[in-house]
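Engineer: dropping a prediction and its sequence here:
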Amino acid sequence: MGMYELILRVEGPVFIGDGKKIGKKEYIFLPDQHQVCIPDMARMFQAFERQRLMDAYQDYLLGDRRDLAAWLRDKRLLAFRQIPPWVAYSLDSGDAVLEERGKREILTFIKDPYGCPYVPGSSIKGMLRTVLLSAMLLRDQGALRQVQEAVRRADLRGSRTRLLGRETAQVEQRYLHTLERPDVPASNKVNDVTSCLRISDSRPLSTDDLVLCQKIDVTVDGQRKQLPILRECLRPGTEIVCTLSLLPDLPFSAGQLLQAAERCKRAYDRYFASAFPAAGIQRGGTVYLGGGSGYASKTFTYPLLGEDAVGTVSQIIDATLPFKVRGQHGHRADRQKGVSPHMLKCTQYQRKIYEMGGCTLAIKKK
């Protein structure tokens, strides 16, 4: 068994969601300080109880259209440039748009029981699993005609949640289910070679490492479309550190994992990212981690199909959308645009546009 330290340096903001949201009446926006304050709700309620403001707060929730900061100022609970003692943590609001009429829910980053953000080992392992599979497909692309044809001819009219399920299982069984455990069929996941790759949760990070980011889609002609989705993200420059264990049955070394990541990055740039304007977008790293980083970085379709992937990918993405909105998204025209999906998933931080989720991968022997 080899023990290593796996380090991911955040190049573009990273979002790992916990499935929760902070409502627009549950955070305090301080535009002069470029901060969003997240209350500790229990402590905030205790403060309201002491000042006999719970009834007024309930009335505010039911009928008042102001944001929380305006209501707190009206009740003399929020002074200029003074953060209430019951605030759990504050976020740099960055370049997110938070005008009075544009308040939105905030999707929150996963945190441990002590309130510290962290990255689950399962998220990193899932990313490395996709990297390994994609690298193997890139290596064997010329010998994959049967698999490629099966994906191109797949029936996309079924359940959106099971789309390409059979074809994906066939590819994974061929390339990843190679351990040949005794008395276990090849289709069983205990034969998955990545079971020999174990990754701990990251060391706890700080809420100071978080920044508020707004979703921005960049088109192939360089137009930027700000969308009303706000996320707590790890800011560029943050280091995510985990323990990586490589068990003896894993047929890859740490060096080969790094080579696989670099090979996948080159393919991603060649088949997808090169269709978008290079100027003005901060790109970097060898892998993509977390939510909001887009289809091309999360799947093996481009490594499998290569130069001919655009038409098939456009059909796959179109099939994943509800029928009523397919026309609005326009993925059927992706072939003419030369890339699918036709939006690069980005955000803005310190007045620079960043591609979401990009990280530099490093592995060091312990």
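Structural biologist: Nice, I can see it. Numbering: from 1, shown residues only.

Engineer: state the helix or strand in which the residue lying closest to D64 once chain neighbours are set aside lies.
Structural biologist: Spatial nearest neighbour of D64, excluding adjacent residues (C-beta to C-beta, 6 or more residues apart in numbering): W71 at 6.2 Å. Heads up, the C-betas are built off the backbone N, CA and C, glycines and all. In the assignment (DSSP states H and E), W71 maps to helix 68-74.

Engineer: packing partners of that helix?
Structural biologist: strand 28-30 (3 or more C-beta pairs under 8 Å, 6 or more residues apart in numbering; DSSP states H and E).

Engineer: so where do the helices sit in the chain?
Structural biologist: 41-50, 54-63, 68-74, 121-139, 145-152, 165-175, 254-271, 295-298, 301-305, 309-320, 326-329, 334-337 (DSSP state H).

Engineer: for the first one, the averaged confidence score.
Structural biologist: Pointing back at helix 41-50 there. Here helix 41-50 scores 95 as its mean pLDDT.

Engineer: in that helix, which residues are buried?
Structural biologist: Using 16 or more other C-beta atoms under 10 Å as the test for burial, helix 41-50 gives M44, A47, F48.

Engineer: which residues are in contact with R81?
Structural biologist: When contacts are counted by C-beta atoms under 8 Å, 6 or more residues apart in numbering, R81 touches L30, D32, Q33.

Engineer: ok, V313 next?
Structural biologist: By C-beta under 8 Å, 6+ apart, the residues touching V313 are Y295, A296, T301, Y302, L305, D334, S340, P341.

Engineer: at 7 Å instead, please
Structural biologist: Contact partners of V313, counting by C-beta atoms under 7 Å, 6 or more residues apart in numbering, are T301, S340.

Engineer: what about the most far-flung residue of the chain relative to its centre, distance to G285?
Structural biologist: What lies farthest from the middle of the chain is R52; by C-alpha atoms, centre = their mean that is 42.0 Å. From R52 across to G285, the span is 53 Å (C-beta to C-beta, to the nearest Å).

Engineer: can you check I199 too?
Structural biologist: 18 Å.

Engineer: and V325, what's its pLDDT?
Structural biologist: What the model reports as pLDDT for V325 is 66.

Engineer: OK, contacts around the closest residue to H342 other than its chain neighbours?
Structural biologist: Closest residue to H342 apart from its sequence neighbours, by C-beta to C-beta, 6+ apart: D334 at 5.2 Å. Counting by C-beta under 7 Å, 6+ apart, D334 touches V310, S314, S340, P341, H342.

Engineer: quick one: D334 and G94, what's the gap?
Structural biologist: For D334, the distance to G94 equals 31 Å [C-beta to C-beta].

Engineer: ditto for Y27
Structural biologist: Here the criterion is C-beta to C-beta. By it, Y27 lies 14 Å from G94.

Engineer: ok, these two, which is more surrounded?
Structural biologist: Legend: neighbour count by other C-beta atoms under 10 Å for Y27 and G94, higher for Y27 (24 against 21).

Engineer: for this structure, what are the low-confidence residue spans?
Structural biologist: The model of the chain has pLDDT under 70 over residues 1, 97-102, 159-161, 323, 325-328.

Engineer: returning to that earlier point: compute the distance between the residue nearest to D64 and L212, please.
Structural biologist: Distance, W71 to L212, by C-beta to C-beta: 21 Å.

Engineer: who has more neighbours out of those two?
Structural biologist: Neighbour count, other C-beta under 10 Å: between W71 and L212, L212 has more, with 25 against 20.

Engineer: that one contacts Q35, correct?
Structural biologist: No: counting by C-beta atoms under 7 Å, L212 does not reach Q35; the two are 9.2 Å apart.

Engineer: identify the contacts common to these two.
Structural biologist: L91, D92, S93.
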